[in-house]
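*Asks:* coords please:
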Amino acid sequence: MLMTLGTPPSEAETDAWHDVIAAAHLQDVPASVPEPGRTETAGKLRVQSPNGRMLHLVWAAPDGSYDGVATLLLFTEESNRHTAFLDALVVRPEARRRGVGAQLWGAIRAELTADGRSSVSTMLELGGAGEAFVDGLGFSKVLPLAWYVQRVPEANAELPEARLPDGYRFVDWEGVVPDALADEFARAHEVMEDAPSGGMDERTPSWDRERVRGAARLVDDRGGILLTSVVLADADGTGAGSVAAYTELVLRDPSHTRALQYDTVVVPEHRGRGLGRAVKRHLLGTLAERHPGVREISTSVADDNAPMLAVNAALGYRRERPAGIFQAKL
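*Replies:* Alright, predicted model coming up:
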């Protein structure tokens, strides 16, 4: 039976949803990848994205458990009102090949059509059940990428300490950006427009201080932790400099032993000075000090993002598994 999950869901509904996610993870993802924690699952179900309307669908079994779950993010920003992101479409392994995924996809497609969306994208592991499922639904791979992993203890022991050229210094924080740096931090986010995006219909949004603060609050509201390090161009030492580079790490569940690397950006006028590598190495040390239980950092990088691949290789990241952004035109 197809149902729409309410917001916020009950504890029992959250448990039933997480059971599907955990069972599919064990089946579909290499054993080296830690499974999502319940805190992460509950956060996604309980807290809406500030930039879109989230639809949570379940296919319930007769005993009340869930055989399949799906989450669709319908962007509400004007620049992306034409598209959407399929955050999850997961079927419990023992319930596959019974039409559960097709029922969920049918409901999702109907919602997309009714809301006037012309495309939808999703991120998938290559060679797995997800890629096989979307193959017959009109999806095509528009951005090949891969997951890379860095071992935190080994990297901290083997890599030299981060060094910056004269006129630069590090600034760190946990959570929301300090007010004094909010506008500069937002300006640095605008640089992400030159990151590889393949043929995705989703457009890079415009960043301002409220958007960067809202993104950080979302991590916190969902029970996670956001760590940020920036390189500040501050030649006169007054503290009123500009953000030259930054990098972010997220623990979606504070109990996790694997952190997720978010953006790493170097502002164009400061490139060629090793700031990307330096800021990532610096945050690595900060992470070890503040959250010593984290053993790994995972990140996804587009196959044609040669500069970031080179930075990560120098920091000891190893390729773990291939993935891709897939998109369907409606």
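*Asks:* Need the three-state assignment for G285.
*Replies:* The assignment at G285 comes out as helix when based on DSSP: H, G, I helix; E, B strand; the rest coil.
*Asks:* State the distance from it to L164.
*Replies:* When Cβ to Cβ, to the nearest Å is the yardstick, G285 and L164 sit 13 Å from each other. Using the backbone N, CA and C atoms, a C-beta is placed for each residue, glycine as well.
*Asks:* Name the helix or strand of this protein that has the lowest mean pLDDT.
*Replies:* When the helices and strands of the chain are scored by mean pLDDT, DSSP states H and E, helix 129-134 comes last with a mean of 92.
*Asks:* any residues touching that one, and which ones?
*Replies:* Counting contacts by Cβ atoms under 8 Å, 6 or more residues apart in numbering, the residues outside helix 129-134 that touch it are 24, 27-28, 89, 91, 96, 101, 122, 124-125, 324, 326, 328.
*Asks:* can you rerun that using 6 Å?
*Replies:* D28, G101, L124, F326 (Cβ atoms under 6 Å, 6 or more residues apart in numbering).
*Asks:* Identify the residues contacting the first one.
*Replies:* This means D28. If you count contacts by Cβ under 6 Å, 6+ apart, D28 has them with G128, A129.
*Asks:* Please report the distance of it from D303.
*Replies:* When Cβ to Cβ is the yardstick, D28 and D303 sit 21 Å from each other.
*Asks:* where does this protein dip in pLDDT?
*Replies:* In the prediction, the chain carries residues with pLDDT under 70 at positions 193-197, 235-240.
*Asks:* Tell me which stretches of it form strands.
*Replies:* Per DSSP state E, the chain carries strands over the ranges 2-4, 52-60, 66-75, 84-91, 119-125, 139-151, 168-174, 225-233, 242-251, 258-266, 296-302, 318-329.
*Asks:* Need these in CSV (columns: mean neighbour count and distance to V219).
*Replies:* Compiled in CSV, these are given as follows (neighbours: other Cβ atoms under 10 Å; distance: least, Cβ to Cβ, whole Å):
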stretch, mean neighbour count, distance to V219
strand 2-4, 13, 25
strand 52-60, 19, 16
strand 66-75, 23, 16
strand 84-91, 23, 15
strand 119-125, 19, 18
strand 139-151, 18, 20
strand 168-174, 17, 10
strand 225-233, 23, 4
strand 242-251, 23, 6
strand 258-266, 20, 9
strand 296-302, 20, 16
strand 318-329, 18, 22
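*Asks:* could you dump those to TSV with distance to A278?
*Replies:* What follows is the strands of the chain, written out as TSV (distance: least, Cβ to Cβ, whole Å):
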stretch	distance to A278
strand 2-4	47
strand 52-60	34
strand 66-75	34
strand 84-91	32
strand 119-125	29
strand 139-151	15
strand 168-174	8
strand 225-233	7
strand 242-251	8
strand 258-266	10
strand 296-302	16
strand 318-329	21
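*Asks:* Would you mind telling me which of those strands is nearest A16?
*Replies:* Between A16 and the strands of the chain, the tightest spacing by Cβ to Cβ is seen for strand 66-75, at 4.6 Å.
*Asks:* so which of the strands of the chain comes closest to A42?
*Replies:* Of the strands of the chain, nearest to A42 by Cβ to Cβ is strand 52-60, at 12.0 Å.
*Asks:* in its sheet, what does that closest one sit against?
*Replies:* The pairing partners recorded for strand 52-60 under DSSP bridges are strand 2-4 (antiparallel), strand 66-75 (antiparallel).
*Asks:* Could you tell me how far the first one lies from the centre of the chain?
*Replies:* Translated: strand 2-4. Mean C-alpha position of strand 2-4 versus that of the full chain (Cα atoms, centre = their mean, to the nearest Å) differs by 26 Å.
*Asks:* Touching it from outside, list them.
*Replies:* Counting by Cβ under 6 Å, 6+ apart, residues outside strand 2-4 touching it are L57, V58, W59, A60, Q103, A107.
*Asks:* And for F185, the neighbour number?
*Replies:* Other residues near F185 come to 22 when the count uses other Cβ atoms under 10 Å.
*Asks:* which residues are contacting stretch 147-158?
*Replies:* The set of residues external to stretch 147-158 that reach it, using Cβ under 6 Å, 6+ apart, is 284, 288, 294-300, 312, 316-321, 323.
*Asks:* and the most centrally placed residue in the chain, what is it in contact with?
*Replies:* For the chain, Y262 is the residue whose C-alpha lies nearest the centre (Cα atoms, centre = their mean; 6.5 Å). Counting by Cβ under 6 Å, 6+ apart, Y262 touches E248, V250.
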